[in-house]
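> only the shape, not the letters, is given here:
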Ligand SMILES: CC(C)=CCC/C(C)=C/CC/C(C)=C/CC/C(C)=C/COP(=O)(O)OP(=O)(O)O
Ligand SMILES: O=P(O)(O)OC[C@@H](O)CO
Ligand SMILES: [Mg+2]
């Protein structure tokens with residue numbers, strides 16, 4: 001699979017995609033088969049695997065079990081470099097460009113190199129922006145950075161364009177897992193109109209109606225975590 005190519009083609013052809021986020025921290029080995037069964041049979045294109053705080057080796061253990069059951073590509077979405085595993089297809093190589101914490105701008109990326117230089121994972125340079133979703137998410141706590149206010153569209157757009165200039169191949173607009181307010185459609189649309197790389201949007205999206213709205217605003221891939229965990233969707 002070449003995930004980046006698939007996302008770029010989808011963006012050009014206005015094809016819309018959905019991913020379910022599985023947090024290795026919240027599942028046990030015994031849950032994996034059921035989770036995979038649900039994803040395999042849902043109108044979902046990918047599994048995203050990751051969490052802000054996951055114990056060392058937990059991602060590898062869960063990812064290995066997932067490979068026995070999943071029929072769709074698995075994309076790593078790591079909170080830090082210790083979450084890396086080869087039991088996946090691709091990696092969102094995140095750069096937290098909305099914040100100013102060097103740990104998440106360059107240090108984690110450098111620490112990931114010894115593993116990645118021996119790995120066959122497809123590595124996708126991903127500009128990651130935290131947008132205020134009305135709740136203090138785990139990602140905010142862990143990264144110790146400030147989210148960008150939803151009203152500050154100009155700053156969100158400029159940060160996104162800067163990300164594209166820096167060479168990011170995709171852009172992830174994140175309101176935070178469990179956000180009370182997802183990224184607004186106007187924000188997504190403003191970013192979409194200023195960039196030509198695929199956009200991922202996640203955080204607080206709980207319904208098919210909302211997925212459609214965010215897709216229409218310009219997102220290529222929408223990520224659903226909490227609503228799937230609660231069995232509210234798919
Ligand atoms: C480049 C490598 C190897 C790692 C990237 C390290 C960076 C820059 C991470 C960005 C900041 C961060 C901590 C992102 C985590 C994103 C994520 C996996 C969120 C998933 O949701 P949770 O925050 O776990 O939600 P819950 O609180 O619901 O569990
Ligand atoms: O759990 P939710 O709110 O769906 O968020 C998903 C994802 O964008 C978090 O990184
Ligand atoms: Mg988590």
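Alright, I've got the coordinates. As the structure is a computational prediction, the values presented were derived from the model and not from experiment. Ligands and ions are numbered 1, 2, ... in the order given.
> how far is stretch 149-159 from where the chain is centred?
Here stretch 149-159 is found 19 Å from its chain centre; the criterion is C-alpha atoms, centre = their mean, to the nearest Å.
> which residues touch it?
97-98, 127, 129, 131-132, 148, 173, 181, 183-184, 186-187, 190-191, 194 (C-beta atoms under 8 Å, 6 or more residues apart in numbering). Bear in mind the C-beta positions are built from the backbone N, C-alpha and C, glycine included.
> is whichever helix in the chain runs longest positioned near ligand 1?
Using DSSP state H, we find that the single longest helix of the chain is helix 153-166. No - interface with ligand 1: helix 153-166 contributes nothing (C-beta under 6 Å from any ligand atom), its closest point being 12.7 Å away.
> and if you look at stretch 42-53?
Yes - for stretch 42-53, a contact with ligand 1 is found by C-beta under 6 Å from any ligand atom, at 50-52.
> just give the nearest non-adjacent residue to the residue in the chain that ligand 3 sits nearest to, would you?
Closest to ligand 3 within the chain is residue 51: 3.2 Å, counting by C-beta to the ion. Excluding the flanking residues, the one nearest residue 51 by C-beta to C-beta, 6 or more residues apart in numbering is residue 23, at 3.9 Å.
> what do you get for residue 58?
residue 24 (4.9 Å).
> next one, pLDDT for the one you found please.
Looking at residue 24, its pLDDT stands at 96.
> state the distance from it to ligand 2.
For residue 24, the distance to ligand 2 equals 13 Å [C-beta to the nearest ligand atom, to the nearest Å].
> residues in contact with that residue?
Residue 24 touches 49-51, 54, 58-59, 61-63, 83, counting by C-beta under 8 Å, 6+ apart.
> give me that answer again for 7 Å
49, 51, 54, 58-59, 62 (C-beta atoms under 7 Å, 6 or more residues apart in numbering).
> low-confidence ranges, the protein, go.
1 (pLDDT under 70).
> which residues in it form helices?
Going by DSSP H, the chain shows helices at 3-13, 32-40, 58-69, 102, 108-116, 138-143, 153-166, 185-194, 208-217, 226-229.
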